[in-house]
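S.K.: structure for this input, please:
(one chain, ligands or ions: 1)
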Amino acid sequence: MAAFFQRLAKAAPAGFTAGAGNSMSGFRFPIGALAAVSGGISYIYYHSSPNSVCLDEIKEQSGPKVALNPDKWTEFKLQDTARVSHNTQLFRFTFDPTAKLGLDVASCLITRAPIGQDAEGKPKFVTRPYTPISDPDSKGYFDLLIKVYPEGKMSQHFASLKPGDVLEVKGPIEKLKYTPNMKKHIGMIAGGSGITPMLQVIEAILKNPDDTTKVSLLYANVSPDDILLKQKLDLLAAGYPNLKVYYTVDNPTNSWKGGKGYISKEMAVKGLPGPTEDTLILVCGPPGMMGHISGGKAKDWTQGELSGILKELGYTEKMVYKF
Ligand SMILES: Cc1cc2nc3c(=O)[nH]c(=O)nc-3n(C[C@H](O)[C@H](O)[C@H](O)COP(=O)(O)OP(=O)(O)OC[C@H]3O[C@@H](n4cnc5c(N)ncnc54)[C@H](O)[C@@H]3O)c2cc1C
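M.R.: Sure thing, here's the model as predicted:
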């Protein structure tokens, strides 16, 4: 898997179709203007009349250029794909190579695709959220890790995309506002493609030398072959003592050395920080797993009541976040 990432990381963003945010509105372009740029500030020297010379200071927009727009569907071009497991693929989309995606950890984005038509023959859109796993500070691209379901409307659309095709995206949608050292120890329980928001948080912590948060991840999958980005997670855990990863699978092979079966109370007690003010447990996985671990989210997508293993072990709603 490291090779996939290396290949994708080396690939230069190929052109762009998106780019919001660096609007030039506010600039006044007088006739005969001469522009100079210095230290992030642009100046335009111009003659407003034959007798007076004005120096007009124009500050560039305050933040960095961002590609995402929360109010407008923006097209991003697919640059490359890589197979990660028998049913999961990595997709790299590109945009203005001088811009960032414009997303805080932990956030997702919304995608849409025209799938089918309504009675009047107009395209019907399917929309689904996804969680980029590339560094939010990366310029010119973002990566999505997507599990492709045989009957899945949007994931099948992803599977049909070819390099050069575009995807419509809106966002970001902020889920959990992560701030460095907000907790001493973060526990994570992920199932299958539920690893994506965890990776966002893990990488934000590990790339910041001032962030001393400990992270303990319990990652459940059907079989060893289904474990997504295992090589990457193992490399991170080997390089950063504050990250611990424990895998469990429903269908172990003879040589499997990790946990067996669903995440149990024993695994949670051994592998997660205990229920204290200094801990936070993040949970993301398929509905059955959420029910077993923490209870699902409410119908209106708020956090809903805490139940399941975490409740039984004494965690409170304040200590748990369901993605
Ligand atoms: C905040 C958020 C972030 C997400 N981030 C990611 C991400 O980074 N990567 C990713 O792959 N997905 C992610 N998802 C899930 C994603 O939004 C879609 O729900 C998923 O891709 C299925 O959509 P679909 O249109 O392909 O399937 P649908 O057409 O919605 O479903 C068709 C069939 O697929 C199967 N199916 C769909 N979803 C599941 C499931 N969760 N578990 C078991 N079977 C299922 C069922 O058989 C279902 O009947 C995220 C979801 C949320 C809420």
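
S.K.: pull out the buried positions in stretch 165-173.
M.R.: In terms of neighbour count (16 or more other C-beta atoms under 10 Å), stretch 165-173 has its buried residues at L167, E168, V169, K170, G171, P172. C-betas here are computed from N, CA, C, even on glycine.

S.K.: helix/strand/coil for K72?
M.R.: The three-state label given to K72 by DSSP: H, G, I helix; E, B strand; the rest coil is coil.

S.K.: how close does it get to L78?
M.R.: 19 Å (C-beta to C-beta, to the nearest Å).

S.K.: with L101 instead?
M.R.: 15 Å.

S.K.: looking at K72 and L78, which is more packed in?
M.R.: L78 (19 against 10; other C-beta atoms under 10 Å).

S.K.: that one: what's it in contact with?
M.R.: By C-beta atoms under 8 Å, 6 or more residues apart in numbering, the contact set of L78 is F91, R92, F93, L161, K162, P163, G164, D165, V166, L167.

S.K.: could you do T253 as well?
M.R.: T253 touches S223, P224, counting by C-beta under 8 Å, 6+ apart.

S.K.: now do the one 5 residues further on
M.R.: Taking C-beta under 8 Å, 6+ apart, we find G258 in contact with P224, Y246, Y247, T248, V249, P252.

S.K.: and if we set it to 7 Å?
M.R.: By C-beta atoms under 7 Å, 6 or more residues apart in numbering, the contact set of G258 is Y246, Y247, T248, V249.

S.K.: then the third one would be within a helix, right?
M.R.: Right, T248. No. Read with three-state DSSP, T248 is strand and lies in no helix.

S.K.: how many neighbours does it have?
M.R.: 21.

S.K.: likewise K257?
M.R.: Other residues close to K257 by other C-beta under 10 Å number 8.

S.K.: with M154 instead?
M.R.: For M154, using other C-beta under 10 Å, the count is 20.

S.K.: helix, strand, or coil at the nearest residue to I202 once chain neighbours are set aside?
M.R.: Leaving out its chain neighbours, the residue that sits closest to I202 by C-beta to C-beta, 6 or more residues apart in numbering is V215, at 5.8 Å. Three-state call for V215 (three-state DSSP): strand.

S.K.: what is the end-to-end distance of stretch 201-220?
M.R.: The first and last residues of stretch 201-220 sit 18 Å apart, counting by C-alpha to C-alpha, to the nearest Å.

S.K.: who touches the residue most central in space within the chain in this structure?
M.R.: Nearest to the mean C-alpha position of the chain, by C-alpha atoms, centre = their mean, lies P132 at 2.7 Å. Going by C-beta under 7 Å, 6+ apart, P132 touches L101, L103, L109, F142, D143, L144.

S.K.: and the last one, how far from the ligand?
M.R.: Computed as C-beta to the nearest ligand atom, to the nearest Å, the L144 to the ligand distance reads 6 Å.

S.K.: what does the fourth one give?
M.R.: In this structure, F142 and the ligand are separated by 11 Å, where distance is defined by C-beta to the nearest ligand atom.

S.K.: how about the second one?
M.R.: Taken as C-beta to the nearest ligand atom, the spacing of L103 relative to the ligand amounts to 13 Å.

S.K.: which parts of the helix or strand containing T81 are buried?
M.R.: Assigned by DSSP states H and E, T81 belongs to strand 74-85. Applying a neighbour-count criterion of 16+ other C-beta under 10 Å, one finds T74, F76, K77, L78, Q79, D80, T81, A82, V84, S85 buried in strand 74-85.

S.K.: tell me the one among these nearest to the ligand.
M.R.: Within the buried residues of strand 74-85, proximity to the ligand (C-beta to the nearest ligand atom) peaks at V84, which comes in at 10.4 Å.

S.K.: isn't that closest one up against K147?
M.R.: No. In this structure, V84 is not within contact of K147 by C-beta atoms under 7 Å, at 9.2 Å.
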